[in-house]
Each structure stands twice: as C-alpha cells, then as structure tokens.
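1. Output the structure for:
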Amino acid sequence: MQKPHKIKNSKAVSYNRWGYYFLIPFVLVYVIFQLIPLCSTIYNSFFENYRSGLTQIGPNFVGFDNYIKLFQDGDIWRYLGNTMIMWVMCFIPQILLSLVLGAWFINARLKIKAIGFFKTVIYLPNLIMASAFSMLFFTLFSDGGPINSILVNLGIFSEPYSFLDHVWSTRILIASMNLLMWFGNTTILLMAGMMGIDASLFESAEVDGATQTQTFFKITLPLLKPILVYVMITSLIGGIQMFDVPQVLTDGTGNPMESTTTLIMYLNKHLYSKNFGMGGALSVFLFVITAILSLIVFKVSNNKEEN
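-> Here you go, the predicted model:
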C-alpha cells in the first residue's frame, strides 16, 4: 500500500525540480542586474570618490560623510519638493479622469460603441517614448510654436508667451505630459478592478432605488480601495523616479531657477560629474523611500486579505 504513495511523492519532487530550473534565469538576471549593483552602490556611498579637473580623488573611506553632506546641503529637500509638487499636479487629475473613464466604459446603460478602440487609443500614449513626447511639447509650446501662434491670432496674448521661462507653466507642461502618458494605464487598472466587483451588488442597489452617483460612491469606490492604494503607491514611486520628461524638456537644466529639477536629475548631475560617493548616497536615499512605500503596499494588501 505504501509503494504507490512513495511513487507519487517521488513524481511530485521531480516535477517541483522543474520549477526551480525555470527560476534560474530570473535569479541570474536579478543577481547580475539588481543585487550586485545595489550592493555596489551601498558600498560606494561610504567612499570619497570623485574627479576634480583631471585629478581623481579617492576612493577614500569616509563613513557617513556623504550622507551628512547630502542632508546638510539642503538641495535634496528642494528637489524633493519639486518632485512631489509635479507628481501631485499629475496624479490628482489622472486618478479623477481614470475613474470617470472607467465608470463610463463599464456602464452597460450608456451603450458606448467601439469600446475596444477607445481603450486602445487612451493606452497608446503609454507606448510613446517620453523623450519623443518631451520634444513634441517643446516644439508645440516654444515661443515660435503653433500654440503661441494660435493664442496670438485669437487675441488671447498680444505677444508669444514663454511657457518654459515661467515656473508654474513649465511644471504644468511636465505634469500634463506625465498625465497623458499614464492615464490610460491607470484607467485599464481601475476598469479591471470595477469589472471584478460582483454585479449583484449593483443590481441590489438599483432595486433599492440608488442613483448611479450613489452607487459609485457607496459601492464602487469602497470596493476599489485596494486598487486605488496600489495605483497611488506605484504612481508615487514613479513620480519619485521622474527624470526623462523634465530632463529633455529643460535640456537638463531644471529651469527656470531649478524649479523643475527632480531627485533623479540631481542624481544624474552627481554621476555626470563622476562623484560616485555622493551619487551612491543619494541612490541609497531613493532606495529607502522606495522600500518604505513598497512595505506600505504589502501591509495594506495583507490587512485587506485578513479582513
């Protein structure tokens, strides 16, 4: 009686072995391109290692001096503020627009035709390179660009407006580009969450005489909370890593008055100047923020499952 049992166990072990074989490529890629660079970055953050003219300084072990300089300088807080301001300017309209579009697309009463086409169209900007998007906006909103020509011809402005020479207009352009690139992805995620809600809940609410607005705020939004938290945290992580759009649009200067310089642009300046010690310290700072946000997502997900 025990022999078939042993044979079954041995087969299970042999099948499980294939799972480990398929994991080997992922583990190798992770170790080579993630773990080793991470450990190297942390190691370099404790060294003075930069180039002054043609002279190479270091590497000399300095302990936590790079971290002390990083926080004493004060620039990191200003650039963090720039990053968060532009992220908020992008995220709030993005989540509102995505919620409205998601609710429209899944509403059978509206009988929207060619929904698949519209889903594809709103997702297409996500496939365009950020650098191409930035160059497009740079051309459209330049002093001699078509936007200024239209505004002057309509009599709204008497002369071309320098969008890229004013703090808030530049920030609005950056936030608008990120909004256009990512709202389609957010809409698809929220739609997936909405379609996962039990339809009987909506039917019961309709029988009880609830309006569509009441149904949305009393049923849809509360049940979408896990997806909304996930979208918010991943968007925040992406916002902290904002680089390509402001880098290309402002030609790496972060102008006007460095009001659009982000943390990653600040990191890029250290790496461009070969200051690997300070660059490593800033990278570790960004890694800690990302780890904390990932932990928040993990905790929120666990709490939802337990409840």
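2. For stretch 34-45, what is the distance to the chain centroid?
-> Computed by Cα atoms, centre = their mean, to the nearest Å, the chain-centroid distance of stretch 34-45 equals 23 Å.
3. Please save the CA atoms from that stretch in PDB.
-> The C-alpha trace of stretch 34-45 is given here as PDB (Å, rounded to 0.1, in the frame of the first residue of the first chain):
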ATOM      1  CA  GLN A  34      19.800  44.200  -9.400                       C
ATOM      2  CA  LEU A  35      21.500  42.700  -6.400                       C
ATOM      3  CA  ILE A  36      25.200  43.300  -7.400                       C
ATOM      4  CA  PRO A  37      24.600  46.900  -8.500                       C
ATOM      5  CA  LEU A  38      22.600  47.600  -5.300                       C
ATOM      6  CA  CYS A  39      25.400  46.200  -3.100                       C
ATOM      7  CA  SER A  40      28.000  48.100  -5.100                       C
ATOM      8  CA  THR A  41      26.000  51.400  -4.800                       C
ATOM      9  CA  ILE A  42      25.700  51.000  -1.000                       C
ATOM     10  CA  TYR A  43      29.400  50.200  -0.800                       C
ATOM     11  CA  ASN A  44      30.400  53.200  -2.900                       C
ATOM     12  CA  SER A  45      28.300  55.500  -0.800                       C
END
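4. Contacts for that stretch, please.
-> Here stretch 34-45 makes contact (Cβ atoms under 8 Å, 6 or more residues apart in numbering) with P59, N66, Y67, F276, G277, G279, G280, A281, S283, V284, F287. From N, CA and C alone the C-beta is placed, and that goes for glycine too.
5. tell me which residues in it are buried?
-> Under the neighbour-count criterion of 16 or more other Cβ atoms under 10 Å, stretch 34-45 has T41, N44, S45 buried.
6. ok, now stretch 141-158?
-> Buried, per 16+ other Cβ under 10 Å, within stretch 141-158: F141, N148.
7. and that stretch, average pLDDT?
-> On average, the pLDDT along stretch 141-158 is 90.
8. Adding secondary structure, pLDDT and neighbour count as columns, could you present the contacts of stretch 34-45 in TSV?
-> Below are the contacts of stretch 34-45 laid out as TSV (DSSP: H, G, I helix; E, B strand; the rest coil; pLDDT from 0 to 100; neighbours: other Cβ atoms under 10 Å):
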residue	secondary structure	pLDDT	neighbour count
P59	strand	86	15
N66	helix	91	24
Y67	helix	91	19
F276	helix	88	23
G277	helix	91	27
G279	helix	90	24
G280	helix	92	24
A281	helix	92	27
S283	helix	92	22
V284	helix	92	19
F287	helix	86	13
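9. what's the closest of those residues to L221?
-> Of all these, L221 sits closest to F287, with 32.9 Å by Cβ to Cβ.
10. all helices for the stretch 201-307 of the chain, in order.
-> 212-215, 221-223, 225-240, 244-249, 263-272, 276-306 (DSSP state H, counting those that start in this stretch).
11. right, and the helix or strand after the helix or strand harbouring C90?
-> In this assignment (DSSP states H and E), C90 forms part of helix 75-106. The helix or strand immediately downstream of helix 75-106 is helix 115-123, counting by DSSP H and E.
12. Helix, strand or coil: sort out G58 for me.
-> At G58 the chain is in strand, as set by DSSP: H, G, I helix; E, B strand; the rest coil.
13. just checking, L38 is part of a helix?
-> Yes: under three-state DSSP, L38 falls within a helix.
14. so which helix or strand takes in Y50?
-> Going by DSSP H and E, Y50 is part of strand 47-52.
15. With just CA atoms, put that strand into CSV.
-> Listed next in CSV are the C-alpha coordinates belonging to strand 47-52 (Å, rounded to 0.1, in the frame of the first residue of the first chain):
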residue,chain,number,x,y,z
PHE,A,47,33.7,56.4,0.0
GLU,A,48,35.0,59.7,-1.3
ASN,A,49,35.3,59.1,-5.0
TYR,A,50,35.2,62.0,-7.5
ARG,A,51,37.1,63.7,-10.2
SER,A,52,38.4,67.3,-9.7
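16. quick one: average pLDDT of that strand?
-> Mean predicted confidence for strand 47-52 is 85.
17. and it, what does it pack onto?
-> Packed against strand 47-52 by the contact rule (3 or more Cβ pairs under 8 Å, 6 or more residues apart in numbering; DSSP states H and E) you find strand 55-61, helix 65-73, helix 276-306.
18. All set now, cheers.
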